[in-house]
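*Asks:* Give me the fold of what follows.
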Amino acid sequence: KDFRKRSLQSKTISFFTKINIISKWFYGRPKSRSKDYLSMNKPIAITCGDPTGIGPEITTKAWLALKDELTIILFSSFNFMKKNFPDIPMFKINKIGDANKIMQKGLPIFDVPFSTFPKIGELNVNLAAETIKSIKLATNSCIEGETTAICTNPINKFSLMSGTNFNFTGHTDYLKHLTG
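*Replies:* Numbering: from 1, shown residues only. Have a look, this model is predicted:
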């Protein structure tokens, strides 16, 4: 239990570091240096990562800490997040552009329904397709200009390789594949 707590603290710091770097780069630049000022107001896409891992908890902590500073949007199952974090206000959104309107009121979630209901802490290879779909949707939102950047929650490579034909060593290779 202590190991999981230390691991969560370490990964939470890493996740916050990613978010802070992204937010300073995209949101902290002076307007005069920005080619597209409107893009600075677009949300940062966050992938669900392994739903049974620490990603959901890290994301809720990030929303609590950063809700007044920037906009994020989580690509995950709304029902799963709502059940596991009932004290965190959340909104299911259908349009990524709606995230800015509700960020301070609740965590914006672009719903990626899960085929099975996972339990945090228990490996579930049946969610591999949903994890991959989350990464694809977040990447496409960035390619299409709907989001400013992507921040990836940790994935379980064993789960992805066991549950699908995921033939990549991790996020970097997969993102390279998706973006050509």
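
*Asks:* The residue most central in space within the chain pairs with what?
*Replies:* Centroid-nearest residue in the chain, with C-alpha atoms, centre = their mean: I46, separated by 2.0 Å. Per DSSP bridges, the residues bridged to I46 are L74, C151.

*Asks:* Return the residues in contact with it.
*Replies:* 59, 62, 72-75, 138, 150-153 (C-beta atoms under 8 Å, 6 or more residues apart in numbering). Just so you know, the C-beta spots here come from the backbone N, C-alpha and C atoms, and that holds for glycine as well.

*Asks:* Select from these the one having the most neighbours.
*Replies:* L74 (32 neighbours; other C-beta atoms under 10 Å).

*Asks:* I figured that residue hits L107, correct?
*Replies:* Yes: at 6.2 Å, L74 counts as touching L107 under the criterion of C-beta atoms under 8 Å.

*Asks:* Now the common contact residues for these two.
*Replies:* 59, 81.

*Asks:* What about N94, how many residues nearby?
*Replies:* N94: 7 neighbours (other C-beta under 10 Å).

*Asks:* Could you pull out the strands in the protein for me?
*Replies:* 44-47, 72-76, 90-93, 107-111, 149-151 (DSSP state E).

*Asks:* Which one, of the ones you listed, ends up nearest to F158?
*Replies:* strand 44-47 (17.4 Å; C-beta to C-beta).

*Asks:* could you give the mean pLDDT of the closest one?
*Replies:* Average pLDDT, strand 44-47: 95.

*Asks:* How about stretch 98-112?
*Replies:* pLDDT averaged over stretch 98-112 gives 94.

*Asks:* Present the strands of the chain as JSON lines; the columns should include distance to K101.
*Replies:* Converted to JSON lines, the strands of the chain look like this (distance: least, C-beta to C-beta, whole Å):
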{"stretch": "strand 44-47", "distance to K101": "16"}
{"stretch": "strand 72-76", "distance to K101": "12"}
{"stretch": "strand 90-93", "distance to K101": "9"}
{"stretch": "strand 107-111", "distance to K101": "9"}
{"stretch": "strand 149-151", "distance to K101": "20"}
